[in-house]
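Asker: Below: sequence and its predicted model.
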Amino acid sequence: MLDTEATTNQACCGIIPDDRLLPHYLYYQLVHDKKQLESLSAGSGQQNISKSILEKFRVSLPPISEQRKIATVLHNVDQAIEKTEDVINRLRRVQKGTLRNLFRNGVGEQSETKTTPMGQFPKDWELKTMESVGTLINGDAFPKEYQGSSEGDYPFIKVSDTNDYRRYVSGAQNYISQEIAEEVGCNIQPEGTVILPKRGRP
């Protein structure tokens, strides 16, 4: 919703409610109907919804008093989320500074550091390649005929699955059985494995 007078480019469509429809209620109605709106998009490349399609899109129209109640409840939830996100953002800034300090100076009174190809860190730390301190395993091809199962012995992790988790990946959209894992030749990676996407969103 605009909170000031403005103009938009051609990729936007302004919806100005009449006196039967509260703007806040309409906003939440469209948030609720997002998937339906996306299903109406047409064209290759960018998803587009034409003004003529939007004009025919139906929205529910309860009495104004009920619209106001619905909008107020959802607005209060939004405010709570914004406050929580503000706290999370502050904590992430603290975490970033703490990470920088710990990986540069270590823990305790270590003050002497050295410069390495990976930056500065305490003088008594070693610099090792990952292959010298662990085993790196490439992921496996996932035949289409085995995709789509929500049950099995192992989650089959794709890059998109890692986007749903902050730190621990505990599930996936696809699962495979022990039998299929052996047939495909999957490398079963143990709990505690650190997953690094090689492509897609890191």
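Answerer: Sure, I can see it. Residues are numbered from 1 along each chain as shown.

Asker: now stretch 86-93: how far from the chain's centre is it?
Answerer: Its chain's average C-alpha position is 17 Å from that of stretch 86-93, according to Cα atoms, centre = their mean, to the nearest Å.

Asker: Only alpha carbons, please: show stretch 74-89 as CSV.
Answerer: Output of stretch 74-89 as CSV, limited to C-alpha atoms (Å, rounded to 0.1, in the frame of the first residue of the first chain):
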residue,chain,number,x,y,z
LEU,A,74,-3.5,-9.2,10.6
HIS,A,75,-1.9,-5.8,11.0
ASN,A,76,-1.2,-6.6,14.6
VAL,A,77,0.4,-9.9,13.5
ASP,A,78,2.5,-8.0,11.0
GLN,A,79,3.7,-5.6,13.6
ALA,A,80,4.7,-8.4,15.9
ILE,A,81,6.7,-10.0,13.0
GLU,A,82,8.4,-6.7,12.2
LYS,A,83,9.5,-6.3,15.8
THR,A,84,10.8,-9.9,15.9
GLU,A,85,12.6,-9.3,12.6
ASP,A,86,14.2,-6.2,14.0
VAL,A,87,15.5,-8.2,17.0
ILE,A,88,16.8,-10.9,14.6
ASN,A,89,18.5,-8.3,12.4
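
Asker: which other residues reach that stretch?
Answerer: Here stretch 74-89 makes contact (Cβ atoms under 8 Å, 6 or more residues apart in numbering) with 24, 28. The C-beta positions use only the backbone N, C-alpha and C, and glycine is treated the same way.

Asker: Show me what counts as buried in that stretch.
Answerer: By 16 or more other Cβ atoms under 10 Å, the buried positions in stretch 74-89 come out as Leu74.

Asker: what mean pLDDT would you report for it?
Answerer: The average pLDDT within stretch 74-89 is 93.

Asker: I'd like the distance from it to the chain centre, please.
Answerer: 17 Å.

Asker: Tell me which residue lies nearest the centroid of the chain.
Answerer: The C-alpha lying nearest the average C-alpha coordinate of the chain belongs to Asn163 (Cα atoms, centre = their mean; 5.0 Å).

Asker: Quick check: the residue nearest to Gly148 when sequence neighbours are not counted vs Phe142, distance?
Answerer: Among residues not flanking Gly148 along the chain, Asn174 sits closest, at 6.6 Å (Cβ to Cβ, 6 or more residues apart in numbering). Distance, Asn174 to Phe142, by Cβ to Cβ, to the nearest Å: 7 Å.
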